[in-house]
Each structure stands twice: as C-alpha cells, then as structure tokens.
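K.L.:
one predicted model, sequence on top.
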Amino acid sequence: MIDLTVISETEERYAERKAVRDATVRKIETKPMIEVDTPERVEKRMTRLGFSQETAKAVSLGEVAPEEAPEPRGVTDLGTAAFERVLGRSDLLGVSYLERGLTVARAVARIRIRDDRGRIRGFGTGFLVSPRLLLTNNHVLGNAQVASFSQAEFNFQDDTRGRPLTTTIFDLDPQTFFLTDRALDYSLVAVRDNGDANARPVKSFGWCQLIEAEGKILLGEYASIIQHPNGEAKQLAMRENQVIDLLEDFMHYKTDTSPGSSGSAVFNDQWEVVALHHSGVPERDAQGRILNTDKKVWTEAQGEGKIAWRANEGARISRVIKHIKNQNLTSAQRLLRSEIFEATPPVFNVFPNESSEGTTSRSPRRETSAAAGGFGAVAGPDGSVSWTIPVTLSVRVGALGGVVTSADAVATDATGGSTTSPATVTSVSVPDDSVEQAELRTALAELEAAKSKPYFDEKKDKADRDAYYKGLPGTLSAAKLYDTLGDLLRKTHKNKPKYKPATNVYPWVDLQPNLKLKSVYSGVEFDPQELIQEDFRIDQERAARFREMVATEAVVGAERMAEELDLLEAQLPYNCEHVVPQSWFGKREPMRGDIHHLFACESGCNSFRGNIPYFDFADFEEAIREACGKRETNRFEPSAGKGAVARATFYFLLRYPGEINAVDSEYPPERLKILLKWHTTNPVSQYERHRNQAIFAAQGNRNPLIDFPQWAKKIDFKRGLGG
C-alpha cells in the first residue's frame, strides 16, 4: 500500500530541510559520529549504552576525549558494539546481533488488507508491540472498518534451509482497540486470538517493546528494517539505512539499495524500535513523474517496492508513543495500552521450527486461520492434488496443460456421489513443458504464416457477414434488437477458447496491417514474436511457482488457494488486456477467453487501468497524464484505442447480459454515453475488420458494432446491465 499524499508531504519536509541535511551529511562524511549530533543527544545515547551520566556528559561536551572514556561495565555485546561504533573505534558486531534480530523478527507480520467480501486489496507490514496490539501505518489501516476485514499473517518466511515456515493468520479486532493518527501515520489495533485451545496465541510470536526515551540512535548511525515489501516473504534490510536528519516528528534515513515498506519497524543496533517507516522521497523525471527501479515511469499498481527512492522517512517512535499516551481511552483499552510499556517480551529460540539439535522441522508452510480453517491436501497417483473444500476438488498439474476451474470441477461428496464443487478456484495455466513447447512452435508458425496470407479479405468478409445476419428483421425496437442480437451471438459462439493470448491473440487476431502488435491503451508497437515468447516464459514461471506451492502445502484452504492463484497472476501478468475487467465477472469462462474483448497491452498499462471503468475527461488533451492515459478514482481514459474498446464493451453487453453491473465501479447507464461517443468519433478501422474476421473464424460469432456501426444508436444496451 502507498499513499501519494503521504509521499507529497514527505517530499515537502525533505525539501525544506535541504540546507540542514546537507550540512549534516558533510559532518557524517568528515567527522567522528560523536561530533555529528548535538551534545544533548550524544549524552542520552551514551547513557542508554551503559555509560555513567557523568562520563556521558563529559564526553558529549568534549571535556573527556572519546578514546579516554572508560568502557561501561555490564553492557551486552550489542551495547559494546554500539559504544565502539559511536566512538569511531570499530564497526564490528557480535553474532548476538543476528540472534536478537531473528527474535524481534518473529513479531513482524504481513498485513492482508481485505474488503468486506474477503478479497485481498493490498498488503502492508505491521509488528506486535504488546501481547495483543499491533502497530502499522494509518495509510495501511485507515479506519476501524478496514481493520475489521483485514488480517495479520505471521511466519510468512523461509527457515534456515530455505523451506517455508508454517504461517498463522489472525483476524484484527478494532472493536476491542483501535487508535489511529494521520499526521504521524500510525494505526494501533488489537489482534484477535483464533479461539482454538490448540491454536497458537498471538503473544506466542513475542513483541517489540516500545521505548519513549530519546537517545536510541544518533545522526550517522545505521538502522535496520524488517518488512514484507510488496506483500512478499519477510525480508531484512540490515544496517543499510543511515540516519541523515532528525525532525520534530520524523527522521530521514538514506539507502542506495534497501527501501522500507509501509508499516515496517526501524531498529537501531540494539534492535530497539526507533521509527515507524511510512514513506520516502521518490526519484522523479523531468515531468515530475515518479520513477521505478528500472528508471521508467512508475504506476501505483507496481507497488511501493518498485519505486526508486532517494530517501526514506519514518515517524519517530518516541513521538508515536507520546501520542498514544495522550489519548482518552476506556478502562479496558487503558489496560491494553499499559501492556505496551509494562509487559516484558518473552525470550525465544531464534529458530522456531528447529529442534535443539539443529534439525529442521519437515512441515512445509501452511496457514491456520480462524476465518478460513485448514483443508487437507492429498496427492494422487495420477499427478493430481485434491483439496477437501468440504468436497474433494481435484487439480491436476501435467499434460492437460491447465487447472480444473470451479465451473468444470467434478468432486466427490461424502456419499460417494459426483457433484460440482461450490468452491471458487481461479483458473491458471499450469502447463506441461513438452505441451508448452509444442504450442509455442505452433504460435510462432502461425505468426510466420501471417506474412504470406491476405490481411483482410473484404469480399469474403462481406459474404460471411451477410450470411451471418440473414433473416434478421429490418425493423426492430431497441429492446428487441438487443435481445435478437444477443441471442444470435450466444447461439453462434460454437468454439470457446481458454484464455491464452500467446496462442489466441498475438499470432494473428490482433496484428496490425504492418503485422506488428500495438498496445490498445498506449499505442506503442511491439514485435509479436517477443510478446509470444514473453507470455510463454510467464506461463513457465507460473507453472514452476504453482508446482512448488502444491508440493509444499500440506494444508491449504479454498480461500488461500484462490488468493495465491490470484496473486500469482497479478505478479506475473500477460501482456493482454480484458476490456471488461476479469474481476467484474469473476474470471469465469467463456468470458475470460472470449477474444472479442482481448487486446495486446503491455502489462504496465494493464495494471495502470486495473478494473476501473472508462471515462471521458474534459481536460484530457491538456492534462498531464501517463502514456497509457489518465486515471483518477473510478475513472480511466486511455490514450489510444477508444473506438475499439467501446465496440468490444458493447459486444460484451450483448453477449453476456447481466455480467456488467449498473454501479459506479462498473457501468452506470449514463457512462454508456461515453462508449457511444468513442464509437462515433473513432470509426471502425481495417484493423478491427481484420480482428472481427479472424475471431469469426476462431469462435463462430461476430461483433455487430464492427459489421454495422450505425446499429449502436438503435440498440438498448442498458438491458445488458445487471443489478
């Protein structure tokens, strides 16, 4: 999750402090650390490291030379190492640094941000700060309602042998405790135990004790961040972020390689929390657009982990604590709050899934959740894997080249009878390598054949068109014309290809007259061979990851399976756009593979649009926009392809009545006027006629809006909208 307003505010603070920061950086580069920060802060830091107050003050004021300061007694390895570093004597760390880091890392969780239907809307990071309370950003969990749908997932990481740990998912409990502040960008929320006597309690993961006192880190020291960047497995940016500025409420820390992620804990060398990471200062191009790590224009869909950050910013934990302490709470809430400062975190074996002999538990990653429950997975002799959902759904990975979808899955119920599984399982291509290679050769051969055959046979197309609509009455009401055409499209849709653009879209259907592919939204041209090969490579990577998941998941829930497959497709998208977003129709076939609304589109533009309905901005030509178009909340206007996408959407309304809903997030009736405008002002091209002819040969049905553009004003498309 990322908030552009938060980024903007961070940039303002960073710009305002340029002179102060530059002076600090020069000191860091030329002076011992003890001379960089203020005497007051140096004294506090040395006191926290175990020096007597007298020695700390004398050194901070320059009355005693650092090298003459007696080493403090009774200080742990971590304190001694920090003492040596502050005085400029050594940068070495004892191995206890790693052990303590692994201990506090247990308390760090991946936040699964969900909507009221349980769908994942994003990820963030959070960490326990007491036996029951978790801290994250306000822009991750902005209010109690969002928190009530969301979850915290612990142990989403690998063990020392690279094998997944068992994850545990807890629901959040904002009704019991929820405190938030936008200015400091924090949210503090209760976590609910799973309610099972045999399940792990929340407190078993430990917590990071928050310390209000200042002096936990100095300018020039390095911090570490434990995080789930872009929702990925837990990662550590170890001593990569150098503190370069301290503001009243925030601190800035710079790194060349390891940015933070929203809601992460920022630690000093003693693994004390010094800040709550929330944002940073991004790199921008000459037009002011945020750049990604590839130095290309970044889009929100890429996530914060892809931003090229110049510096990081976190809220100083002492300020967060002060704000928490100043809030008026109920007696029960005050009791929970007091545990932040009074409860002592437990001490753990730092390798939670390993025995004292150092052998790793053989149980692979699985999740337990009070909400979803666990379902056993059983491998069959034919290469299939079965999940009990509570009926048995078989998913075969192998020569069939695909996964059984919810619409096709036949399961065995408790009586031994056959039934259709009610589970929603997202379809994903999991091909056999030999089958994939054969399909790749076929796709490339079709592309090569395109060079020697007519691009568009106008005479044949006219004959096919006249035969297709033969017998259609010349005069029909708008409603009757809608019904008649819709019935015709359904009856003639004889072939229903599965969604695989590398074979069904790129080699012939979507080629331009110059035999190139062109992004439907940006108008950028692509070599079709490159897109074909890229999508087949994506297929192979999806297959590898899916097989790995199936092989390692001992217990899996239907909800988890659907989420993992959705995440897999989101992380590894094809270069293809569904004009009608897949989420609107639940990724079901035949809608998903219907070529009439599939167009070549680079994955960046695909993600940029997301599932936002089309819109016509009054200032589109003058406004600053991305190459893909302009996007605001619930509104998207592409830079190219408006006529084609309008006609494809009209086709979808005719072919699949009720699958597009008359709601603001899809198509309220008044937005149909936008499609009609685009259809009228962007006439049918030879490219679209070629597409229509090619799809007719592949599927058996046609797009009436391409064949007879004048019919658009005569059809009551509102009849295709669902409730």
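P.N.:
That came in fine, so what should we check first?
K.L.:
show me the contact partners of the longest strand anywhere in the chain.
P.N.:
Ranked by residue count under DSSP state E, the longest strand found in the chain is strand 235-246. For strand 235-246, contacts defined as C-beta atoms under 8 Å, 6 or more residues apart in numbering pick out 17, 20-21, 24-25, 28, 41, 101, 105, 217-229, 251-260, 266, 269, 311-312, 316. C-beta coordinates here come from the backbone N, C-alpha and C atoms, glycine included.
K.L.:
and the longest helix along the chain, what does it pack onto?
P.N.:
When the chain is parsed with DSSP state H, its longest helix is helix 528-552. With contacts taken as 3 or more C-beta pairs under 8 Å, 6 or more residues apart in numbering; DSSP states H and E, helix 528-552 sits against helix 433-449, helix 501-504, helix 558-571.
K.L.:
which stretch among those comes nearest residue 465?
P.N.:
Closest to residue 465 of these, according to C-beta to C-beta: helix 501-504, at 21.9 Å.
K.L.:
whichever helix or strand comes after the closest one pairs with which strands?
P.N.:
The C-terminal neighbour of helix 501-504 among helices and strands, as given by DSSP states H and E, is strand 517-518. Within its sheet, strand 517-518 is paired with strand 525-526 (antiparallel), according to DSSP bridges.
K.L.:
which residues does the strand it pairs with contact?
P.N.:
So strand 525-526 is contacted by 512, 516-519, 575, 600, 602 (C-beta under 8 Å, 6+ apart).
K.L.:
wait, a strand at residue 59?
P.N.:
No. Per DSSP: H, G, I helix; E, B strand; the rest coil, residue 59 lies outside any strand segment and is helix.
K.L.:
excluding its backbone neighbours, what's nearest it?
P.N.:
residue 69 (5.1 Å; C-beta to C-beta, 6 or more residues apart in numbering).
K.L.:
quick check: the one you found touching residue 49?
P.N.:
No. Using C-beta atoms under 8 Å, residue 69 is not in contact with residue 49, being 10.8 Å away.
K.L.:
so for these two, which sits in the more crowded spot?
P.N.:
Taking other C-beta atoms under 10 Å, residue 69 and residue 49 do not tie; residue 49 has more neighbours (24 against 18).
K.L.:
list only buried entries from the contacts of strand 525-526.
P.N.:
Buried subset of these (neighbour count, 16 or more other C-beta atoms under 10 Å): 512, 517-519, 575, 600, 602.
K.L.:
any of the contacts of strand 235-246 buried? List them.
P.N.:
For these, buried by 16+ other C-beta under 10 Å: 17, 21, 24-25, 28, 41, 101, 105, 217-229, 251-255, 258-260, 266, 269, 311-312, 316.
K.L.:
quick one: which of the residues you listed sit in strands?
P.N.:
Among the buried ones among the contacts of strand 235-246, DSSP E puts 222-227, 251-254, 266, 311-312, 316 in strands.
K.L.:
in CSV: the residues you listed, plus distance to residue 492 and pLDDT.
P.N.:
Converted to CSV, these look like this (distance: C-beta to C-beta, whole Å; pLDDT from 0 to 100):
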residue, distance to residue 492, pLDDT
222, 67, 89
223, 64, 91
224, 63, 91
225, 58, 93
226, 58, 93
227, 53, 92
251, 65, 95
252, 63, 95
253, 63, 92
254, 62, 86
266, 61, 95
311, 60, 87
312, 58, 91
316, 66, 96
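K.L.:
distance between the host helix or strand of residue 322 and the chain's centre?
P.N.:
Using DSSP H and E, residue 322 sits within helix 317-325. Helix 317-325 sits 30 Å away from the centroid of its parent chain (C-alpha atoms, centre = their mean, to the nearest Å).
K.L.:
give me the contacts around that helix.
P.N.:
For helix 317-325, contacts defined as C-beta under 8 Å, 6+ apart pick out 135, 179, 181, 184, 186, 188, 210-214, 216, 248-249, 273-276, 337, 340.
K.L.:
specify the local secondary structure of the residue of the chain most remote from its centre.
P.N.:
Within the chain, residue 63 marks the point farthest from the mean C-alpha position, 53.7 Å out by C-alpha atoms, centre = their mean. With three-state DSSP as the basis, residue 63 sits in coil.
K.L.:
ok, residue 183 next?
P.N.:
Per three-state DSSP, residue 183 ends up coil.
K.L.:
and the closest residue to it other than its chain neighbours, what does it touch?
P.N.:
Residue nearest to residue 183 in three dimensions, not counting chain neighbours: residue 249, with 7.6 Å by C-beta to C-beta, 6+ apart. For residue 249, the contact set (C-beta under 8 Å, 6+ apart) comprises 183-184, 315-316, 319.
K.L.:
cool, thanks, signing off.
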